[in-house]
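> sequence and predicted structure are below.
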Amino acid sequence: MHRCLLDAHIYHNILQFVRLQFPYKDPFHGFHQYCDINPTLVSLAVTCKAFLEPTLDILWFSQISLAPIVRTLPDGVLMKSILDCDTRGEPRYILTPMRPPLASEWTRFDYYARRIQELGFYPVEFPDNESSNMEATNTFGQRYSVHPRVVLLLCITRRKQVLFPNLARLRWNFRDADCTELLPMFFGPKLAFLAISFGTPPQSKGADIVKKNLNSIVDCCPSVTDLEIPSSHPDPVVEAAIQWAFYCRRVEGFYLNTAGGWPIPLLQRLAEEPSLRKLWLSMDEEVAEHDINLLRECIRPPFPALQRLWIVLTQSLAPCTELIRIMGSCALHTLYIIVHFSVPPAELEELFAALRDHCAPHTLQVLEIMTPLDEKFVRENEGTPEGQFHLGNLEPVLGFSNMRHFRLELQIFFEFDNNDIMTIADCWPLLTDLRLASYGFFLPTEITWAGFAYLVYKCPSSSSYVSPGTPLPKMSL
């Protein structure tokens, strides 16, 4: 064995690269194949004893569900049944309890459970895909599902205060909804991140349970500093989340999907929080001006450490533009804007100019401005879009050389040709996702395969491209 492999630090760095290896046999089928295990890490773990412990720590670090860990229980505890079949006809299974484990049958479970630090997370997730990660239903790439009674069995028969003592990040999704009463069993001393998303609003009973759990976090789990509730919830849940954000001693992230604005004391508290890095804001025409004036009166620039901002606007981009200016010198990594109106190109250019003037040029990597994809928006915004968007409007943000995701999906005319796409490719060599979509209608485009080929050549990591118009003509290849 090479001497460098015996150095724990070097070997750990090697494992971090191996962890990024996608386990797909066929790269063209993505999540149609199962990604709950990394075969290379498994091979390393059984190579020799020196590799075993550090490799297992990486292998078990992130788990998308409870299925892998509960399968470490002895035969006869769980029953495996076929749930359905995937698109390729391969069976998917569900695990149901058959009997309680004996006290002596938890040894293997505990051996692996202490290594789990993220539950509800895919083995590989990237910050520039954070919006997609939060919205994921956590069903892709799973061959095994766990019945809610299995969670109940774990919580009742395991005579310990917490199931996973080193758990630091937890996502609780719709598959866990029936077990929400047992959520505190996952509150360990190291839990710092909690996300709750059921896809659809829970019923009154479920909402009461979520509210009770949120009310208990400050006292039962003071280590939580980041709370995400990306799906809509009833008012009692929203109020409980707001209470948590107000009384938490150190808020690093607060993402709460709600149509209303924040109470004034909470907005002031978050604006002055030195550790806040992630935030959701909603500004409609009734509160936008008041909130901006409130932030303008802060003694120091608001949100000094903010890196990721999600903001919902209902009337104009002006509140977001003014917020960027008020923040002064900022280090935004992600700016995700949802607009419920037709955006004039002049407003977009003004926002981009504010980003150029106030955001560090090396930090911004994700910029998305989108309209909601629903019939109501189309109905309310029928007609001709306001103006034409061309490369000159985009020029202020071309200096962000680390841009990876750029999406404009709006009701707007895009005037782009091959030279414009080539300019974007030259300015953003790290680009992975470029979408310029005229929402609600289709127009001819001057972008041909030549422009697209140049984009792929200059941006080798690019994986998604949406053209502002009809499909690229094959004759131009």
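Thanks, I have it.
> pretty sure Arg99 contacts Asp75?
No. Taking contacts as CB atoms under 8 Å, Arg99 lies outside contact range of Asp75: 10.9 Å. Placement of C-beta: from N, CA and C, glycine included.
> looking at the two, which is more packed in?
More crowded of Arg99 and Asp75, by other CB atoms under 10 Å: Arg99, with 11 against 6.
> contacts only, for that one.
Residues in contact with Arg99 (CB atoms under 8 Å, 6 or more residues apart in numbering) are 76-77.
> how near is it to Leu335?
Arg99 sits 52 Å away from Leu335, taking CB to CB, to the nearest Å as the criterion.
> Val210 now?
Taking CB to CB as the measure, Val210 falls 29 Å from Leu335.
> who's more crowded, those two?
More crowded of Val210 and Leu335, by other CB under 10 Å: Val210, with 25 against 21.
> if we ignore the residues flanking it in sequence, what's nearest the more buried one?
What sits nearest to Val210 in space, not counting adjacent residues and going by CB to CB, 6 or more residues apart in numbering, is Val237, at 5.0 Å.
> neighbouring contacts of the helix or strand containing the one you found?
Using DSSP states H and E, Val237 falls within helix 235-247. Applying CB under 8 Å, 6+ apart, the contact partners of helix 235-247 are 202, 207-208, 210-211, 214-215, 217-218, 224, 227, 229, 233, 251, 254, 256, 258, 262-263, 265-266, 269-270.
> list the buried ones in that helix?
Neighbour-count burial for helix 235-247, counted by 16 or more other CB atoms under 10 Å, picks out 236-245.
> which of those residues sits closest to Trp60?
Trp60 has its nearest neighbour among those in Trp244, at 29.2 Å by CB to CB.
> and the closest one, how close does it get to Gly260?
From Trp244 to Gly260 the distance is 17 Å (CB to CB).
> for this protein, longest helix please?
Using DSSP state H, we find that the single longest helix of the chain is helix 204-220.
> related to what we said a few turns ago, with distance to Leu15 added, can I get the buried residues of helix 235-247 in CSV?
Below are the buried residues of helix 235-247 laid out as CSV (distance: CB to CB, whole Å):
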residue, distance to Leu15
Pro236, 44
Val237, 39
Val238, 41
Glu239, 43
Ala240, 39
Ala241, 36
Ile242, 40
Gln243, 41
Trp244, 35
Ala245, 36
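> quick one: those as a markdown table, columns for pLDDT and distance to Ile196 too.
Shown next, in a markdown table, are those (pLDDT from 0 to 100; distance: CB to CB, whole Å):
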| residue | pLDDT | distance to Ile196 |
| --- | --- | --- |
| Pro236 | 86 | 13 |
| Val237 | 88 | 8 |
| Val238 | 88 | 12 |
| Glu239 | 90 | 15 |
| Ala240 | 91 | 11 |
| Ala241 | 91 | 9 |
| Ile242 | 91 | 14 |
| Gln243 | 91 | 15 |
| Trp244 | 93 | 11 |
| Ala245 | 92 | 14 |
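> quick one, which of the contacts of helix 235-247 are buried?
Buried subset of those (neighbour count, 16+ other CB under 10 Å): 202, 207-208, 210-211, 214-215, 217, 224, 227, 229, 233, 251, 254, 256, 258, 262, 266, 269-270.
> number of residues surrounding Ala360?
12.
> my read: it touches Ser329, true?
Yes. If you go by CB under 8 Å, Ala360 and Ser329 touch, sitting 7.2 Å apart.
> how far away is the closest residue to Pro127 other than its chain neighbours from Leu351?
Spatial nearest neighbour of Pro127, excluding adjacent residues (CB to CB, 6+ apart): His333 at 6.8 Å. Note on His333: its distance to Leu351, by CB to CB, is 17 Å.
> what's the answer for Arg296, then?
Counting by CB to CB, the gap from Arg296 to Leu351 is 18 Å.
> look at the two and report which has more neighbours.
Higher neighbour count among Arg296 and Leu351: Leu351, with 23 against 13, using other CB under 10 Å.
> show me what contacts that one?
So, once contact is read as CB under 8 Å, 6+ apart, Leu351 ends up touching 317, 320-321, 324.
> cool, and Pro302?
Contact partners of Pro302, counting by CB under 8 Å, 6+ apart, are 271-272, 295, 323, 326-327.
> which SS class is it?
Three-state call for Pro302 (DSSP: H, G, I helix; E, B strand; the rest coil): coil.
> could you measure it against Leu309, distance?
Using CB to CB, Pro302 is found at 11 Å from Leu309.
> go on, Leu56?
37 Å.
> let me know the secondary structure of the nearest residue to Asp84 once chain neighbours are set aside.
Among residues not flanking Asp84 along the chain, Arg92 sits closest, at 5.6 Å (CB to CB, 6+ apart). Following three-state DSSP, we place Arg92 in the strand state.
> Arg92 and Ser81, how far apart?
The value you get for Arg92 to Ser81, if CB to CB is used, is 10 Å.
> which of these two has more residues huddled nearby?
Arg92 (15 against 11).
> sorry, back to before: going by distance to Ser463, which of the buried residues of helix 235-247 wins?
Ala241 (34.1 Å).
> ignoring the adjacent residues along the chain, who's closest to that closest one?
Nearest residue to Ala241, sequence neighbours excluded (CB to CB, 6+ apart): Leu256, at 5.0 Å.
> show the contacting residues for Glu118.
Here Glu118 is in contact with 61-63, 167-170 (CB under 8 Å, 6+ apart).
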